[in-house]
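Peer 1: Take this sequence and fold it.
(2 chains)
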Amino acid sequence: MADAERIYEAMKRSIETYDSDAAVAAAEEAVAAGLDLLEAVEKGFADPIRELGESFHRMEIFLPELTMGADAMKAGVEVLERALDEKGGKIEKKAVVVIGTVEGDIHDIGKSVVATLLHANGYEVHDLGIDLPATRIIEAAESHGADVIALSALLSTTMLYQRDVVELLQNKGLREKYYVLVGGAPVTQAWADEIGADGYAHDAFDAVQVLDKAMEGRGG
Amino acid sequence: MNFKEIAKRSETGPLTESKDFLMKAVAANAMTLTKEYDVSWDGKSLINMDDDMADRCFQAGKELFVRTGVYSMNSSRVIEFSAEEVDDVLRFVRPELPMGAGKDRVCAHHREVEDPRKPFVFCGPFNANVHEEMFVRLNEVFSRERIVDCLFFPGYLNEVDGQLIRPTSALATRMAILYGQWSREAVRRAGRPDMAIAGHAVMAPGEIACTNEEWGLRSTDPRAIVLISELQVDDVSLTRLAYYLAYGCPIYMAFTPLIGGYGGNPAGTAIVAVASFIASVMLGGEIVHIGPQHMNFKQQTNQHSLFLASLANQAVARNSNIIATTSHTTSGRPGSAQYAHEFSALALASVTSGSNVSGPRPSEPLGFNNVSPLMGRLFAEVAHAAAGLSREAATPIVEALYDRYKDNMDLEKAPKGQPFEELYDLATLTPTPEHQALYDRLKEELIGLGVPLS
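Peer 2: From the prediction side, this is the model:
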């Protein structure tokens, strides 16, 4: 048990120091020690990355630190996932999310922060990038087996394309399959209601809370 | 800097991924330079008082820019510049820029810290969503305000006949043409037919279609290009830039440094902001607009943004001839006292720090036409009054104003305000008695706080 606590502490420190190499080394040690790997994910990586997210929200740390912390977690979790896979187990995710910035819009930062925080909070996230046509977003949602489509738009002219994604989902008979979350500087709850989106988030932290609540309701 | 050379470098510069540019070039260097040049924020000041730190911030920003260059998002290449090229461009930056024509010709100028000269005022709907039937009328009222030097961003026409407009569509180009025609019609109706109109229709490449010497935006009207945070540019912006430079328009270059983003805290972000000021003039910008963004607030009057705007503007004012202007976006909306408290606080901070002013605007307008020309007048009056103040005199006023709205910066809590059609009598295009009374009351309040309004 003492060994487990020591390894969890090393994993935690790797996130706090944004050190991907240390995260991989600690994860490998956890596998070699025969620890409960699901518990290792939760105690070693998930708890500290959530704390990092909260520090980011309080502006005690900034985007570079959050990004490096998330990269460290990703590197470490990959080691644990491979080991779990060999044993026929897997890490349960709250939901699978595809996220991207809509067509005609090349703003990336806000969307990337949402992706990072969702990932840090137990979601499987596929960041599709920027300037994405509705068809590509839906194709990606289908191929990744997504539960959630998260759409960012930073311009009041491009938020129109959020509506197009919802409309195309309807036309394809896929609307009920996905929870559609919208956000971005000009986006409001009123706009989300108008286009028939399921949820609206005013920032990255809010996105996590909105999805947590929604996925709980879905049993996801 | 020759534009063809910039366009070439966007095709031939070093190839890298956007994330690597932001993390390894921008963030890592900003972090190092913040320490190296000892640029910091004390956690409470709203206006920077340290001239030496402003100078260090400029040097750090210049060094950051030479290390990073500008990232071309479409080609994934870095447009690099040497230190000599930067020095050369900065040496020949023009401190004055005429715009408008005939009797309506005006001149924007570089300002110094605590400069007694009045700031140039860009004021108008500032990209609020505007209904097509209200577009000419409310822009006419803004243009009637003689204190406004340039009609600023006459509003988004993102809907026609109830149809939302897709930004790259033929309809968007058609609306860009109407944008030009109706903006010109508005200044004609206001009796200022050759008044400068700063155009930013945000309709992708179609935006250039509003250019026409007879009925639209002219070569004497500044045209906006917006860099992407941080230090990035896209092909659409470079395409517009190629056209506007060839046409001879004054280039209004804007950037939006992100507090809490790749620059980190307000001090590190101020360094990124200085680098962005320099990037803007390297690309051809002649008036440079800083519009700080924030990870937790959508507006620009929080304490971090106030400090950042003051420090970055002071750095540029003291060390270059760049004509700077600061964007003013608020949580409170037109029709509320909070709106004026917020834009006044930022105007006092930015004007005493050497900036001109652009705005104001609620960061989250509710519905269409959420603008007030009368509040635009008050904004301009406060900006003019600030030109007579020292930073020391402005600081307690900014603090008092900040105290009034600091607990209401959340957009949900901030006052909802009213649209133009409720704040003005549409028959006479004059403020309603209630709106006029709000203006009178606010003016008295600001005078009471020490703003030297006449």
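Peer 1: Which positions in the stretch 151-300 of chain B make contact with chain A?
Peer 2: B:156, B:158, B:164-168, B:172, B:202-204, B:228-229, B:234, B:258, B:260-265, B:268, B:295-296, B:298 (C-beta under 8 Å from any C-beta of the partner chain). For glycine as for every other residue, the C-beta is placed from the backbone atoms N, C-alpha and C.
Peer 1: Against the centre of chain B, work out the most remote residue.
Peer 2: B:Ala427 (32.0 Å; C-alpha atoms, centre = their mean).
Peer 1: where does that residue fall, phi/psi-wise?
Peer 2: phi -70, psi -40 (degrees, to the nearest 10).
Peer 1: now the one 5 residues further on
Peer 2: The phi/psi pair for B:Thr432 (degrees, to the nearest 10) reads phi -70, psi 160.
Peer 1: now do A:Thr116
Peer 2: The phi/psi pair for A:Thr116 (degrees, to the nearest 10) is phi -60, psi -50.
Peer 1: Secondary structure element holding the closest residue to it other than its chain neighbours?
Peer 2: Closest residue to A:Thr116 apart from its sequence neighbours, by C-beta to C-beta, 6 or more residues apart in numbering or on different chains: A:Ala70 at 4.6 Å. Here A:Ala70 sits within helix A:63-86, counting by DSSP states H and E.
Peer 1: Just checking: what are the partner strands of the helix or strand that that helix is followed by?
Peer 2: Using DSSP H and E, the next helix or strand after helix A:63-86 towards the C-terminus is strand A:96-102. Counting by DSSP bridges, the strands paired with strand A:96-102 are strand A:124-132 (parallel), strand A:148-152 (parallel).
Peer 1: Excluding its own residues, what touches strand A:96-102? List them.
Peer 2: Outside strand A:96-102, the residues that touch it by C-beta atoms under 8 Å, 6 or more residues apart in numbering or on different chains are A:107-108, A:111, A:114-115, A:118, A:123-132, A:134, A:137, A:140-141, A:144-154, A:158-159, A:161-162, A:164-165, A:184, A:211.
Peer 1: Those residues, buried ones only, as a ChimeraX selection?
Peer 2: Buried residues within these, by 16 or more other C-beta atoms under 10 Å in any protein chain shown, are selected in ChimeraX with:
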select /A:107,108,111,114,115,118,123,124,125,126,127,128,130,131,132,134,137,140,141,146,147,148,149,150,151,152,153,154,158,159,161,162,164,165,184,211
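Peer 1: Surely B:Phe420 is in contact with B:Ser372?
Peer 2: Yes - counting by C-beta atoms under 8 Å, B:Ser372 is a contact partner of B:Phe420 at 6.7 Å.
Peer 1: Find the residues that touch each one of those two.
Peer 2: In contact with both B:Phe420 and B:Ser372: B:Pro334, using C-beta under 8 Å, 6+ apart.
Peer 1: between these two, which one's more packed in?
Peer 2: B:Ser372 (33 against 27; other C-beta atoms under 10 Å in any protein chain shown).
Peer 1: need the contact list for that one.
Peer 2: B:Pro334, B:Gly335, B:Tyr339, B:Phe420, B:Leu423, B:Tyr424, B:His435.
Peer 1: Surely the third one is in contact with B:Thr329?
Peer 2: No - with contacts defined as C-beta under 8 Å, B:Tyr339 does not count as touching B:Thr329, sitting 10.4 Å away.
Peer 1: Identify the contacts common to the two.
Peer 2: Common contacts of B:Tyr339 and B:Thr329 (C-beta under 8 Å, 6+ apart): B:Pro360, B:Pro362.
Peer 1: that older thread, residues of the helix holding A:Ala70 that come out buried?
Peer 2: Of the residues in helix A:63-86, those buried (16+ other C-beta under 10 Å) are A:63-77, A:79-81, A:83-84.
Peer 1: so how far is it from its chain's centroid?
Peer 2: 12 Å (C-alpha atoms, centre = their mean, to the nearest Å).
Peer 1: again with stretch B:2-10
Peer 2: 25 Å.
Peer 1: do stretch A:50-67 as well
Peer 2: Put simply, stretch A:50-67 sits 15 Å off its chain's centre (C-alpha atoms, centre = their mean).
Peer 1: now swap in stretch A:113-122 and tell me
Peer 2: The answer for stretch A:113-122 is 3 Å, by C-alpha atoms, centre = their mean.
Peer 1: residues in contact with that stretch?
Peer 2: Everything outside stretch A:113-122 that qualifies as a contact, by C-beta under 8 Å, 6+ apart, is A:46, A:49-50, A:52-53, A:56, A:63, A:66-67, A:69-70, A:73-74, A:93-94, A:97, A:99, A:125, A:127, A:150, A:152, A:183, A:201, A:204-205, A:207-208, A:211-212, B:295.
Peer 1: do the same with stretch A:170-183
Peer 2: A:95, A:110, A:114, A:138, A:141-142, A:146-153, A:159, A:162, A:165-166, A:169, A:191-192, A:195-203, A:206-207, A:210-211, A:214-215, A:218.
Peer 1: Tell me which of the residues you listed fall in strands.
Peer 2: The strands, defined by DSSP state E, take in A:Val148, A:Ile149, A:Ala150, A:Leu151, A:Ser152, A:Gly199, A:Tyr200 from these.
Peer 1: and which of those residues is nearest to chain B?
Peer 2: A:Tyr200 (11.9 Å; C-beta to the nearest C-beta).
Peer 1: How many residues are close by the residue nearest to A:Val208 when sequence neighbours are not counted?
Peer 2: Residue nearest to A:Val208 in three dimensions, not counting chain neighbours: A:Asn121, with 4.9 Å by C-beta to C-beta, 6+ apart. Using other C-beta under 10 Å, A:Asn121 has 19 neighbouring residues.
Peer 1: next one: B:Ala400
Peer 2: Neighbours of B:Ala400 (other C-beta under 10 Å): 15.
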